Each structure stands twice: as structure tokens, then as C-alpha cells.
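S.K.: Quick one: sequence and predicted model below, then my questions.
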Amino acid sequence: MSLRFSDPIWQRPRTATAFQSLVPAGQCVDVVIVGGGIMGLSTALHAARLGLAVQVLEAGEIGNGASGLNGGQVIPGLKYDPDWLLEHFGLERGEALVNFAASTADAVFEMIRDERLAVPFVRNGWIQAAHTETALKAAANRDRQWRARGADVRLLSGTEIATMTGAQGYLGGWLDRRAGVIDPLAYTSELARVAAATSVNIAERQNVMQISKNAGNWHVFTESGAELKAKAIVLSTNAYTGGLLPGLAETIIPLHSFQIATAPLSSNLAAAILPEGQAVSDSRRILVYYRKSADGRLVLGGRGRMALPNSPADWAHLERALLRLYPALSDVAIEKRWFGRVAMTPDHLPHIHEPEKGLLAVVGCQGRGVGLMTALGERIASYLSNGDTRQLPFPVSPIRPIPFHAFRQVGVAATIAWYRMLDAFER
Ligand SMILES: Cc1cc2nc3c(=O)[nH]c(=O)nc-3n(C[C@H](O)[C@H](O)[C@H](O)COP(=O)(O)OP(=O)(O)OC[C@H]3O[C@@H](n4cnc5c(N)ncnc54)[C@H](O)[C@@H]3O)c2cc1C
């Protein structure tokens with residue numbers, strides 16, 4: 001990753017430390033977790049609480065992956081609404097999935113509260129902003145389904161959304177009060193701190209190069225020469241998945257999500273733009289999402305080019321989107337630009353694989369993993385502890401590489417360009 005052109009605003013707590021804890025060679029742990037993002041750390045923390053001996057291995061530093069780079073929007077739910085989930089998964093699993101999906105933002109905010117995490121947050125909801133009649137109808141449909149389940153949600157009129165966002169161009173929208181915003185790097189660092197305090201061994205700069213099975217145990221080899229023995233392995237490498245497990249990387253399409261942050265806003269602008277601090281997603285085909293940060297900047301993200309960025313011009317489409325929404329920001333500098341990788345699956349659902357007993361992989365957060373991976377980690381930990389598949393909200397599925405995987409990425413880039421053009425016509 002070109003660090004020169006990736007300069008996020010998020011902050012680790014000042015007290016954050018490095019993690020260098022490796023179990024002694026020859027000792028067999030219950031679980032080795034590969035990947036120290038929200039998924040790996042939530043699984044590790046909950047597994048340790050259930051009495052398992054856990055080692056987390058992270059190739060870089062904790063929070064180097066999507067977990068420390070994301071938009072920090074904590075949004076419950078999946079891409080699909082309750083009716084679809086019931087129709088698709090049947091009454092029993094569908095109902096369990098709806099309840100799970102509804103709980104994912106709670107999982108984050110309860111973790112922050114119960115563990116006293118040093119994480120800046122605002123829990124004032126998420127606005128899905130609609131700029132066409134079609135998007136308004138979709139919002140009304142979503143509202144009906146979640147309200148019927150008692151969720152704290154409501155539709156917003158054009159006047160209300162204009163007041164709440166201060167943005168131009170929306171016909172109305174939907175407010176989900178279960179959601180909120182956090183500093184994602186602080187959250188990931190703090191998850192690691194609490195996991196380590198709960199007996200989890202965490203080692204940074206341990207790039208896992210190989211895994212194999214021998215005499216009933218799993219063996220894990222890292223680039224720096226460490227060799228570990230475990231009863232089970234969890235691969236929580238998501239969009240940064242490499243070649244550890246044949247075919248796994250080909251089950252996802254990794255996309256780049258880019259973000260920009262303005263200089264801290266003046267008090268006048270801060271009072272006009274998102275005065276209550278909600279998170280917003282735009283209904284356009286190529287999603288842009290935005291929020292204010294704890295230090296008073298406006299942070300906006302959206303899809304970016306598939307190649308690594310090599311100049312600030314690679315973020316120019318986001319600056320245009322920002323000014324379309326907020327012309328008053330034309331004189332405010334863009335101070336930070338960064339990007340990370342999001343893992344998409346063809347069915348837009350996270351996938352849990354267990355190709356061999358004791359070898360689990362969880363991938364495919366669809367860009368909504370802050371709540372999802374926090375909540376899913378707890379379920380994976382229960383499954384590791386008692387082997388009961390009913391703990392898992394999503395069915396365990398075989399590893400099915402996407403046909404013509406290499407060409408799919410080219411197709412995605414072309415589709416994004418086409419959608420950007422359609423969005424431009426609908427402005
Ligand atoms: C720019 C951006 C904005 C986003 N915005 C939001 C948002 O606002 N709200 C939301 O809910 N979600 C958002 N997401 C998605 C969210 O960040 C992810 O769903 C979530 O962080 C996934 O967590 P994870 O632990 O599964 O993966 P990651 O955090 O990516 O962690 C995977 C880790 O595995 C490590 N790894 C990979 N291979 C190896 C190996 N061989 N050995 C050791 N370690 C390895 C990587 O270094 C990495 O740290 C966004 C993502 C991006 C990139």
C-alpha cells in the first residue's frame with residue numbers, strides 16, 4: 001500500500017501500545033486467529049472469555065486493514081431487509097438472521113460502554129438520503145419492515161433531511177436511530193487492548209505464510225520464522241485475503257473505498273452541516289457516505305479506482321461529490337485522503353467457510369463490517385467453544401471461487417464508471 005497517498009485522520013488512544021505476545025514454540029493453543037481487524041479481535045476476545053487459549057497474528061499493525069481505515073459508520077442490518085431475509089432463508093433461519101442483523105450496532109455501542117473503551121462516538125442515527133422518487137419508495141418499504149419489528153426508525157421529509165444534513169438535493173430519507181459513528185482506529189486498538197487484557201496473545205508484524213495439518217493439529221508458519229500449533233484456525237483476513245487457503249481469495253471481489261476529510265469546520269459551518277452528528281449514505285448508484293469526525297471535520301467516502309492511487313487527483317471525484325452536496329465548503333481545504341479494501345461477495349452476504357474441521361474462514365463484509373464483524377465474532381467464538389452451528393447466523397458454505405475472477409474486477413471498474421455517468425444525469 002502506498003502510504004504516501006494514504007493519510008487517515010483516525011487516532012489510536014494515546015495510551016495504545018504495540019502487541020508482541022507470541023506463545024512459546026511447541027505450546028498448542030486452542031485457536032490461532034489470522035488477521036487483527038474487528039473480526040479477528042472480536043472473535044479472540046469472546047473466545048478467551050469462553051476459556052479458550054487464543055493467539056492473534058497480524059501481518060501489519062493492529063488496525064492496518066479496513067478496520068482502522070473505514071468510515072466509522074456503525075449501521076445495523078445487512079444489504080437485505082427483513083422480508084427478503086425471511087423469503088430467502090425461511091422462517092426459522094430468516095427470523096434469526098433478522099434479529100442478528102438488528103443487533104449489530106448494539107454490539108459495538110455495548111462493547112464501548114461495558115468495556116469503557118476510549119473511543120470517540122456519537123449515537124444519533126444513520127440517514128439514508130434519497131435523491132429520487134424510486135429511492136424514496138425503497139426507504140418507505142424499508143421503514144415499514146423495520147418499524148413492524150419495533151426498530152427505532154422513521155421516514156424524513158425533504159425539509160427535515162435538509163435541516164439534519166444541511167446538504168442540497170435530497171427529496172427525503174430514512175433515519176435509523178440504532179446507528180452512530182465512532183473513530184474506527186480507536187475502536188480496533190481498544191478491542192485489541194481489552195482482548196490482550198483478557199488473556200489473548202496478540203502479535204503484530206507476523207505475516208502468516210503457510211498453514212498445514214499434522215497429527216490432528218494445525219501448524220501455522222509466519223514470515224518471521226515463528227511456528228505455532230493450534231487445535232483450530234480462524235482466517236479473518238477479509239479483503240486482504242492472500243493465498244493461505246486455496247480458492248478463498250477468489251470468493252470475494254476486493255474493492256477500494258476512498259475517503260477525504262476537510263479541515264476542521266468553522267463553528268458556522270459545523271452548525272449548518274450535520275448539527276446532530278448523524279452518519280449519512282447517499283442513495284445514488286455509486287454510494288457516497290459521510291459524517292463529521294470528533295475533531296470537527298467532514299469525512300466523505302466512496303468507491304475509488306482499482307489501481308493504487310498515486311496522486312491526490314485520484315480522490316477528485318469525492319471532492320466533486322462533496323461540493324455538490326455542500327457548495328459552502330468550496331473554500332475549505334481537503335486535508336486528508338486515504339483508502340482501504342472492502343470485500344464484496346456475489347450474493348452480498350458474509351460467508352463462513354469450514355473446508356476442514358477446525359479451519360474456519362470469514363469473509364465478505366460488503367462495506368458494513370464495523371457492527372457486523374463485532375457481532376459475528378461473538379458467534380464464531382461460541383461456535384469454536386461448543387461446535388453448535390446454530391450459533392452461526394449465516395450457513396457454513398463451501399468455498400466457491402467466482403468464475404473468471406480476474407475479469408470480474410475489470411467488469412466492476414467498468415460498471416462503476418457507467419453508474420457514475422448515470423448518477424451525473426440524475427443530479
Ligand atoms: C475505506 C473504507 C470505509 C468503510 N466504511 C465502513 C463504515 O463506515 N461502516 C462499516 O460498517 N464498515 C465500513 N467499511 C468496512 C469495514 O471496515 C470492514 O467490514 C471491517 O473492518 C472488516 O473487518 P475485518 O476484521 O474482517 O477485516 P480487516 O480489518 O481488513 O482485517 C484483516 C486483517 O488481516 C490481516 N492479514 C491479511 N493477511 C494476513 C496474513 N497472511 N497474516 C496475518 N495477517 C493478515 C490484514 O493485515 C488486516 O489487518 C469500510 C471499509 C473501508 C476500506
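M.R.: Perfect, thanks for sending it.
S.K.: What segments of the stretch 1-150 of the chain are helices?
M.R.: Using DSSP state H, counting those that start in this stretch, the helices of the stretch 1-150 of the chain run over residues 38-49, 66-69, 82-114, 133-147.
S.K.: All the strands of the stretch 151-300 of the chain, residue numbers only.
M.R.: 153-156, 172-176, 180-182, 201-203, 208-214, 217-222, 227-235, 253-262, 279-282, 288-292, 298-303 (DSSP state E, counting those that start in this stretch).
S.K.: Quick check: mean pLDDT of the fourth one?
M.R.: So the one you mean is strand 201-203. Throughout strand 201-203, pLDDT has a mean value of 98.
S.K.: which helices and strands does it pack with?
M.R.: Judged by 3 or more CB pairs under 8 Å, 6 or more residues apart in numbering; DSSP states H and E, the packing partners of strand 201-203 are strand 54-57, helix 184-197. Backbone N, C-alpha and C define where each C-beta goes, glycine included.
S.K.: Out of the ones you listed, which gets nearest to the ligand?
M.R.: strand 54-57 (5.1 Å; CB to the nearest ligand atom).
S.K.: Give me the contact status of the closest one with the ligand.
M.R.: Yes. Strand 54-57 comes into contact with the ligand (CB under 6 Å from any ligand atom), by way of residue 57.
S.K.: Need the CA coordinates for that strand. PDB is fine.
M.R.: Only the C-alpha atoms of strand 54-57 are listed here, as PDB (Å, rounded to 0.1, in the frame of the first residue of the first chain):
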ATOM      1  CA  VAL A  54      -6.100 -17.700  21.700                       C
ATOM      2  CA  GLN A  55      -3.200 -16.300  19.600                       C
ATOM      3  CA  VAL A  56      -3.900 -13.500  17.100                       C
ATOM      4  CA  LEU A  57      -1.300 -13.000  14.300                       C
END
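S.K.: I'd like the average pLDDT over that strand.
M.R.: Rounded mean pLDDT across strand 54-57 is 98.
S.K.: partners of that strand in the sheet?
M.R.: strand 28-34 (parallel), strand 201-203 (parallel) (DSSP bridges).
S.K.: how about these in JSON lines, adding mean neighbour count?
M.R.: As requested, the strands paired with strand 54-57 are exported to JSON lines (neighbours: other CB atoms under 10 Å):
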{"stretch": "strand 28-34", "mean neighbour count": "24"}
{"stretch": "strand 201-203", "mean neighbour count": "23"}
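S.K.: how about residue 340, what does it touch?
M.R.: 65, 66, 69, 70, 239, 256, 257 (CB atoms under 8 Å, 6 or more residues apart in numbering).
S.K.: Quickly compare the strands of the stretch 151-300 of the chain and say which is most buried.
M.R.: Stretch with highest mean neighbour count among those: strand 180-182 (a mean of 27; mean count of other CB atoms under 10 Å).
S.K.: Get me the contact residues on the stretch 101-250 of the chain for the ligand.
M.R.: 207, 208, 236, 237, 238, 239, 240, 242, 244.
S.K.: The same query, at a cut-off of 8 Å, please.
M.R.: 184, 188, 206-209, 222, 236-242, 244 (CB under 8 Å from any ligand atom).
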